[in-house]
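J.: Give me the fold of what follows.
(one chain, ligands or ions: 1)
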Amino acid sequence: MYTVHPKNDECFYLRLLLVNVRGPTSFETLRIVNGVIFPTYRAACEELNLLENDTHWDTTIAEAIISASPSHSLFAIIISTCFPSNPCNLWHKYKDNISEDILHQIRITSRNHDVEMNEEIHNLALLLIEDMCYLMCGSLLIRLGMPAPNREMNDALNRELERGCEYDHQELDLVVQTNVPLLNSQQKEVYDTSMKAIDDGNSGLYFLDAPGGTGQTFLMSVVLATVRARSNIAVAVASSGISATLLEGCRTAHSALKLPLNLQTFEEPTCNIRKNSAMAKVLSASKIIIWD
Ligand SMILES: Nc1ncnc2c1ncn2[C@@H]1O[C@H](COP(=O)(O)OP(=O)(O)OP(=O)(O)O)[C@@H](O)[C@H]1O
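T.: I've put the predicted structure just below:
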């Protein structure tokens, strides 16, 4: 039997039922527990107590709220990386606390301290959480067992594009002004070559090979800053999660480019990026893709 990653939600719960329920006769019977047909495999797993109890995540959120930490980011980390059994329950229990910082911001900007918590504010919190989850694990909330935020479809697509342009230009200009003069002659040559290719609109594939510690990451961060300072999109990806932390706005290549991981089974493996998806928009708008 194949292994299934918990992120592959319903498939994962189907597998869990298959190894625990004796003699099922159909997919539907797998979802029947004590005579009740459950709408999803996940719900059936929950009813059968096959899922881990979420008490520790519940306590974690409760403690964060007491210490006034930014709980929507904590919540996003928990649901995208810790796979709680029932994120929806956690959300409904803590949505007021999780949305409190947004309410506070709204009260300040509208100069109206009588604004009360409402559905719209919960939705704003869900949008923030979804953006963070998308950055961390490439999944929308609906795929993580959460209610989907109410966002115009167009918004969802354009959000990824906006994210690519959402940098502080003054800060980037400063990075460029400070670091370009620091580049040594070889780094400068690579920098000039990449910037010329971008300016001339010449597409090309450049491979940079140098011993560790000789300043490739430094150089790439200057190239990224230069492109982004001009309000252009520069995509940075890395082969591992650790190396992705070294460059600003960098994501793992397999998540950003939806790389196929089962290369042996396909004759012509292709990246799973749909033509109209947000990532396709970003890639076609990007001036450079840097893969560390
Ligand atoms: N031209 C430069 N001026 C000042 N500092 C630099 C320059 N080039 C690199 N550095 C510094 O040298 C150190 C090593 O550089 P960097 O991390 O970019 O190397 P690397 O080749 O990417 O290493 P690795 O391949 O091991 O990740 C960093 O602290 C970086 O800030």
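
J.: who touches stretch 50-70?
T.: 16-17, 20, 42, 45, 71, 74-75, 78, 82, 84-86, 89-90, 93-94, 97-98, 101 (Cβ atoms under 8 Å, 6 or more residues apart in numbering). In this view, the C-beta of every residue, glycine as well, is placed from N, C-alpha and C.

J.: Could you give me the ChimeraX syntax to select whichever of these are buried?
T.: The buried subset of those, as determined by 16 or more other Cβ atoms under 10 Å, is captured in ChimeraX by this line:
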select :16,17,42,45,71,74,75,78,84,85,86,90,94,97,98,101
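
J.: Can you list which of the contacts of stretch 50-70 are found in helices?
T.: 16-17, 20, 42, 45, 71, 74-75, 78, 89-90, 93-94, 97-98, 101 (DSSP state H).

J.: which of those sit farthest apart?
T.: 20 and 101 (40.6 Å; Cβ to Cβ).

J.: residue contacts, residue 286?
T.: Neighbouring residues of residue 286 by Cβ under 8 Å, 6+ apart: 164, 232-235.

J.: roughly how far apart are the residue nearest to residue 75 when sequence neighbours are not counted and residue 255?
T.: Distances taken as Cβ to Cβ, 6 or more residues apart in numbering put residue 98 closest to residue 75, at 5.4 Å, once the chain neighbours are dropped. From residue 98 across to residue 255, the span is 25 Å (Cβ to Cβ, to the nearest Å).

J.: count of neighbours near residue 9?
T.: When neighbours are defined as other Cβ atoms under 10 Å, residue 9 has 19 of them.

J.: can you check the one 3 residues further on too?
T.: By other Cβ under 10 Å, the residues close to residue 12 number 17.

J.: what's the spacing between it and the ligand?
T.: Per Cβ to the nearest ligand atom, to the nearest Å, residue 12 is found 35 Å from the ligand.

J.: how about stretch 51-69: buried residues?
T.: Buried-residue list, stretch 51-69, by 16+ other Cβ under 10 Å: 51, 54, 57-58, 60-61, 64-65.

J.: mind saving the C-alpha coords of it as PDB?
T.: Only the C-alpha atoms of stretch 51-69 are listed here, as PDB (Å, rounded to 0.1, in the frame of the first residue of the first chain):
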ATOM      1  CA  LEU A  51      -6.900  11.100  15.000                       C
ATOM      2  CA  GLU A  52      -4.600  12.500  17.500                       C
ATOM      3  CA  ASN A  53      -6.200  14.700  20.100                       C
ATOM      4  CA  ASP A  54      -5.700  18.400  19.600                       C
ATOM      5  CA  THR A  55      -5.400  19.300  23.300                       C
ATOM      6  CA  HIS A  56      -1.700  20.300  23.100                       C
ATOM      7  CA  TRP A  57      -2.500  22.700  20.200                       C
ATOM      8  CA  ASP A  58      -5.400  24.000  22.100                       C
ATOM      9  CA  THR A  59      -3.200  24.700  25.100                       C
ATOM     10  CA  THR A  60      -0.500  26.300  22.900                       C
ATOM     11  CA  ILE A  61      -3.000  28.800  21.400                       C
ATOM     12  CA  ALA A  62      -4.600  29.500  24.800                       C
ATOM     13  CA  GLU A  63      -1.100  30.300  26.300                       C
ATOM     14  CA  ALA A  64      -0.200  32.500  23.300                       C
ATOM     15  CA  ILE A  65      -3.400  34.500  23.800                       C
ATOM     16  CA  ILE A  66      -2.500  35.000  27.500                       C
ATOM     17  CA  SER A  67       0.900  36.300  26.600                       C
ATOM     18  CA  ALA A  68      -0.700  38.500  23.800                       C
ATOM     19  CA  SER A  69       1.500  37.000  21.000                       C
END
